[in-house]
Every structure is written in structure tokens, then in C-alpha cells.
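Undergrad: Using only what follows, build the 3D model:
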Amino acid sequence: MAYNAISFFSFCTLLFVIPMLFQAASAHSKDKKPSPYDFLQHLQGCHKGDKVKDINKLKKYLKNFGYLSYSKNKTHAHDDDDDFEELLESALKTYQLNFHLNSTGTLDAETVSYRRW
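TA: As a prediction, the model looks like this:
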């Protein structure tokens, strides 16, 4: 009789504990907020001469932190476009050098996965 009571108690405990464990695990995975720099994954492999959606977001980031500057005297044709031009390549090389990354001027895997974005 005592064995049946212990078995029943163990069974009920498992029925209660296991769903709580799964709920806690799934809640933890839902708490992960997307990074504002997730767009960089899409840009991996981009280099000078490419035109890819969201390059303008990279330009905005590099401009905000002083890596990219377009002259006030020239037209600002490249400020908001998605062209990967020479100035962007140079700004990216400077960024890479600053964080001791391989200075390629391209959005290589090392640069995209760097966590300082």
C-alpha cells in the first residue's frame, strides 16, 4: 500500500514538474529580443560595387559613430542609398582596424559576427 502511495505521489509530481520545466525553457527563448543589428546577417559578403537592401542602415550606423562622413560641399547622393561605394569601404576598413578585425573593407563573417555592433 505504501509503495502505491509513493508511486502515485511520484507520478503526480512528475505531471506537475515536467510542464513547468518546459514552460520555463520556452519562456527563456521568447525573452530573447532581436538585435537592431540583425540586418547585418543579410549583408554578409557585401563589398564595394554591390547594391543591396539595407546598406543604408550600415551607412547610418557608421556615420553616427564617426566612421563615415560625406562632404557637405558634394551632393549627398550616397547618404541614404544602398550602394556600397568607396567611402563606405574605407569607413568599414577603419571600423575593422579599430576593433582589431581583419581590415578587408567587406562585410565578412568576422565583421558581421563581431558583437560591438
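Undergrad: Please pull up the helix or strand immediately following the helix or strand hosting residue 56.
TA: Per DSSP states H and E, residue 56 falls inside helix 55-64. Going down the chain from helix 55-64, the next helix or strand is helix 86-98, by DSSP H and E.
Undergrad: Could you pull out the buried residues of that next one?
TA: Across helix 86-98, burial judged by 16 or more other C-beta atoms under 10 Å covers 87-89, 91-96. (Each C-beta comes from the backbone N, C-alpha and C, glycine too.)
Undergrad: now those in TSV, with distance to residue 66 and pLDDT?
TA: Formatted as TSV, the buried residues of helix 86-98 follow (distance: C-beta to C-beta, whole Å; pLDDT from 0 to 100):
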residue	distance to residue 66	pLDDT
87	13	94
88	14	95
89	16	96
91	9	95
92	13	95
93	14	97
94	9	96
95	10	95
96	15	95
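Undergrad: I'd guessed residue 81 sits against residue 56; true?
TA: Yes - counting by C-beta atoms under 8 Å, residue 56 is a contact partner of residue 81 at 6.3 Å.
Undergrad: mind listing what residue 38 touches?
TA: For residue 38, the contact set (C-beta atoms under 8 Å, 6 or more residues apart in numbering) is empty.
Undergrad: Dihedrals phi and psi, it?
TA: phi -60, psi -20 (degrees, to the nearest 10).
Undergrad: Leaving out chain neighbours, which residue sits closest to residue 106?
TA: residue 47 (4.0 Å; C-beta to C-beta, 6 or more residues apart in numbering).
Undergrad: My guess is that neighbour contacts residue 84. True?
TA: Yes - using C-beta under 8 Å, residue 47 is in contact with residue 84, at 6.3 Å.
Undergrad: Those two: which is more packed in?
TA: Taking other C-beta atoms under 10 Å, residue 47 and residue 84 do not tie; residue 84 has more neighbours (24 against 15).
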